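**Student:** this one's sequence-less:
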């Protein structure tokens, strides 16, 4: 069964460093998402991406964040200058099409630790 | 803006007992509602979803949920819990816009006693 994959599973970085989290969505899916879950808190929406551009973003997704689909298979989240409060589990998700019957499929997550 | 409330942070049940996890939502239009399960080290797996039609929805692993518009609720149920059901359960509401991003509740951690 096709699945969303994410690498790395765990990333440790120093405050102020740039990180790139990688995701490979399901191959025929058209919509892509990043969510994050700070330890002990809710899963929060960050950004959605469709047709090579951001379609929605939350207040969390500020200028320090960017997304890219560089090669038609990978979907990346970049944090330019990490802060301590960026420590969280980051989930990638993908969805086949626009209809509400098409649910989002989630990857296993990348745990980001900022020291 | 939409929101989801899961009032129970942690629930403990004995194996074989019935289970009900509560979910209340706030959304101005017809909601698209989901239940996801997260096992340790795993991603979020969809259990079931509601868009329209029959208000009692069947999902995987023997779970079902009932949409009650009058109570703004979408409670998850299972008649007989198995030890493998121990996990964290998230209720979510999807937006009606094209992006259809999800707003999640804070989750309910389920412990199953032998």
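**Tutor:** Arrived safely. What you are looking at is a predicted structure, and each value in this text was computed from that prediction instead of being measured. Numbering: from 1, shown residues only, chains lettered A, B, ... in the order given.

**Student:** Return the distance of the residue most central in space within chain B relative to residue A:80.
**Tutor:** Centroid-nearest residue in chain B: residue B:35, 3.3 Å away (criterion: C-alpha atoms, centre = their mean). Note on residue B:35: its distance to residue A:80, by C-beta to C-beta, to the nearest Å, is 35 Å. Any C-beta I mention is one placed from the backbone N, CA and C, and that applies to glycine too.

**Student:** Equivalent analysis for residue A:102, please.
**Tutor:** Separation of residue A:102 from residue A:80 (C-beta to C-beta): 32 Å.

**Student:** and those two? which has more neighbours close in?
**Tutor:** residue A:102 (15 against 12; other C-beta atoms under 10 Å in any protein chain shown).

**Student:** Check which helix or strand residue B:42 maps to.
**Tutor:** Per DSSP states H and E: residue B:42 is located in neither a helix nor a strand.

**Student:** how far away is it from residue A:37?
**Tutor:** When residue B:42 is compared with residue A:37 (using C-beta to C-beta), they lie 13 Å apart.

**Student:** Give me the more crowded residue out of these two.
**Tutor:** residue A:37 (20 against 14).

**Student:** which bits of chain A sit near chain B?
**Tutor:** A:4, A:31, A:33, A:35, A:41-45, A:48, A:50, A:55-56, A:58, A:91, A:93, A:95, A:98, A:100-101, A:103-109 (C-beta under 8 Å from any C-beta of the partner chain).

**Student:** please redo it, this time with the cut-off set to 7 Å
**Tutor:** A:33, A:42-43, A:45, A:48, A:55-56, A:91, A:95, A:98, A:100-101, A:103-104, A:106-109 (C-beta under 7 Å from any C-beta of the partner chain).

**Student:** Find the centremost residue of chain A, please.
**Tutor:** For chain A, the residue nearest the mean C-alpha position is residue A:34 (3.0 Å; C-alpha atoms, centre = their mean).

**Student:** which among the residues of chain A next to chain B end up buried?
**Tutor:** The neighbour count (16 or more other C-beta atoms under 10 Å in any protein chain shown) marks A:33, A:42-43, A:45, A:48, A:55-56, A:91, A:95, A:100, A:103-104, A:106-109 as buried among those.

**Student:** Among those, show me the least confident.
**Tutor:** For these, the weakest pLDDT value sits at residue A:100, with 68.

**Student:** circling back to that earlier point, and the residue nearest to the centre of chain B, what is it in contact with?
**Tutor:** Counting by C-beta atoms under 7 Å, 6 or more residues apart in numbering or on different chains, residue B:35 makes contact with B:47-48, B:59, B:65, B:76, B:89, B:91.
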